[in-house]
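Asker: what follows is a predicted protein model with its sequence.
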Amino acid sequence: MDEPLSISLGGYDSAISDAYRRLFPDDPDKSDELLNWRFHRNPHGPAKFASASIADSVVGMIALVPTRLRNLADGRLGYQAIDTSVNRLCRGRGLFVKMGALAQDPEALGGDVLWGFPNSNAAPGWYGRLGWVNFGSVPLLIRPLRSSFILGRIHPKLRCIDLPLIGHSRIDAQVYSDPTQLAADFDSLWERVGPDFGIAVDRSGAWMRWRLFDKPGADYRCTGVRKGSNLEAFLAVKVTDKHGGRLCYVMEAISTAERSVDLARLLRAELGRAASLGAEAALAWCPRSAPNYRAYRRAGFLPVPPRIRPIEIHFGARALRAEIAAAAGTRDNWYVSFLDSDTN
């Protein structure tokens, strides 16, 4: 295609919706219902899109999801870059870099940081041409739950030996089914522990409700340990079939420092339940520098070396304002979990 094209920054509209159908055909995670939830209903604000168009047709785009960031110079607004795509007929014209450069104009964007989890195809552009700081691979942890997970990797025929590797354990925990109660309880917990988590998407009660309950088709299990009227430890998990197996994703696990042992016990109890539902392994994202990392280790999680990961997911960011460049460009300052992933 040699037709003139334009690069622009705008909101989620019918042209972007049509582009999703063309650029991500038959992707169940890109239904109109899910896109409206992600881009219109986010309590941190409406999404923006850096897009390339020929006439009235969008041929490339980068979705920019607003994320209020805690613990970064009095609360800055970040944008998470997701869903980067260019029509195959328009590749080779530098559209990705042109769209990325517009997305990183702080005055046009109205934000302070661009960040995300680029895959192996997008990573060279973000890190090489657009100046992102490469934090390396995402901080992936794993806990095998059934023998089939380990034996199946030794030999496929051994996968039929399928026994749980974690037993049932009991803990006095609340199962959240009311999103209003979850929002109120977690709001109080996050206000107490949030300052210890470094640069993180502000996990307010409203944001947690949107992420865990309002999402179309949401099937997360949320549990908590209370002391009196206060929530002291919180866990959200999801059991699903993915990557050729049945997995338990630990979306979030957070507690006060005094209740780290309770958080580990809550993790073990929920992992035992997941194993009984057929989950072969549990996965989590948690940096070593995070205050909840010790609870994961107590519950039997181990870091996954990048060389044995099934897919390569990078983590990086670029500060758009000089006064926060040092803080935002330091990996150990950031906290992420699977709640920050747009694919879980």
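Answerer: Looks like it arrived, so ask away. Residues are numbered from 1 along each chain as shown.
Asker: any weak-confidence spans in the stretch 1-150 of the chain?
Answerer: The stretch 1-150 of the chain contains residues with pLDDT under 70 at 1-2.
Asker: mind listing the strands for it?
Answerer: 6-10, 48-54, 57-70, 76-86, 113-116, 133-137, 140-144 (DSSP state E, counting those that start in this stretch).
Asker: winner for burial among those?
Answerer: Most buried of the strands of the stretch 1-150 of the chain, by mean neighbour count (mean count of other C-beta atoms under 10 Å): strand 113-116, with a mean of 26. Heads up, the C-betas are built off the backbone N, CA and C, glycines and all.
Asker: direction included, what does that one pair against?
Answerer: Strand pairing for strand 113-116, determined by DSSP bridges: strand 76-86 (parallel), strand 314-319 (antiparallel).
Asker: chain center to stretch 307-326, what's the gap?
Answerer: 13 Å (C-alpha atoms, centre = their mean, to the nearest Å).
Asker: Ala233: how many residues sit nearby?
Answerer: Ala233: 28 surrounding residues under other C-beta atoms under 10 Å.
Asker: excluding chain neighbours, what is closest to it?
Answerer: Distance criterion C-beta to C-beta, 6 or more residues apart in numbering; nearest residue to Ala233, sequence neighbours excluded, is Ser255 at 3.6 Å.
Asker: could you do Tyr12 as well?
Answerer: Nearest residue to Tyr12 in three dimensions, chain neighbours excluded: Phe39, at 4.0 Å (C-beta to C-beta, 6+ apart).
Asker: ok, now which ones touch that neighbour?
Answerer: By C-beta atoms under 8 Å, 6 or more residues apart in numbering, the contact set of Phe39 is 12, 46-47, 63, 65.
Asker: ok so, going back, closest one to Gly198 among the strands of the stretch 1-150 of the chain?
Answerer: Nearest of the strands of the stretch 1-150 of the chain to Gly198, taken as C-beta to C-beta: strand 57-70 at 8.4 Å.
Asker: quick check: bridge partners of Leu64?
Answerer: Bridge pairing for Leu64 - DSSP bridges - gives Lys48, Ala81.
Asker: just checking, it touches Ala47?
Answerer: Yes. Applying C-beta atoms under 8 Å, one finds Leu64 in contact with Ala47, separated by 6.1 Å.
Asker: follow-up on the earlier one: gap between the residue nearest to Tyr12 and Phe96?
Answerer: Distance, Phe39 to Phe96, by C-beta to C-beta, to the nearest Å: 20 Å.
Asker: same check on His44?
Answerer: The value you get for His44 to Phe96, if C-beta to C-beta is used, is 25 Å.
Asker: thinking Thr84 is in contact with Ala122, fair?
Answerer: Yes. The criterion here is C-beta under 8 Å, and Thr84 meets it with Ala122 at 5.2 Å.
Asker: hey, what's in contact with both of those two?
Answerer: Joint contacts of Thr84 and Ala122 (C-beta under 8 Å, 6+ apart) are Phe96.
Asker: Ala63 against Ala81, yeah?
Answerer: Yes. Between Ala63 and Ala81 there is a contact at 7.2 Å, judged by C-beta under 8 Å.
Asker: who are the contact partners of the nearest residue to Leu140 once chain neighbours are set aside?
Answerer: Distances taken as C-beta to C-beta, 6+ apart place Val304 nearest to Leu140, at 4.4 Å, with adjacent residues excluded. Residues in contact with Val304 (C-beta under 8 Å, 6+ apart) are 140-142.
Asker: closest to Gly316 among the residues you listed?
Answerer: Nearest to Gly316 among those, with distances taken as C-beta to C-beta, is Leu140, at 15.5 Å.
Asker: that closest one and Pro305, how far apart?
Answerer: According to C-beta to C-beta, Leu140 and Pro305 sit 9 Å apart.
Asker: try Ala317
Answerer: As judged by C-beta to C-beta, Ala317 and Pro305 stand 23 Å apart.
Asker: quick one on the thing from earlier: looking at His44 and Phe96, which is more packed in?
Answerer: Higher neighbour count among His44 and Phe96: Phe96, with 23 against 20, using other C-beta under 10 Å.
Asker: what count of nearby residues applies to the nearest residue to that one once chain neighbours are set aside?
Answerer: What sits nearest to Phe96 in space, not counting adjacent residues and going by C-beta to C-beta, 6+ apart, is Gly125, at 5.1 Å. Neighbourhood size, Gly125 [other C-beta under 10 Å]: 17.
Asker: hang on, the earlier thing: dump the strands of the stretch 1-150 of the chain to TSV, plus distance to Gly278.
Answerer: Shown next, in TSV, are the strands of the stretch 1-150 of the chain (distance: least, C-beta to C-beta, whole Å):
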stretch	distance to Gly278
strand 6-10	44
strand 48-54	39
strand 57-70	32
strand 76-86	30
strand 113-116	32
strand 133-137	28
strand 140-144	13
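Asker: tell me which of the ones you listed lies nearest to Leu283.
Answerer: From those, taking C-beta to C-beta, the stretch that ends up closest is strand 140-144, at 5.7 Å.
Asker: what does that closest one contact?
Answerer: Here strand 140-144 makes contact (C-beta under 8 Å, 6+ apart) with 150, 165-166, 271, 280-286, 296, 299-304, 309.
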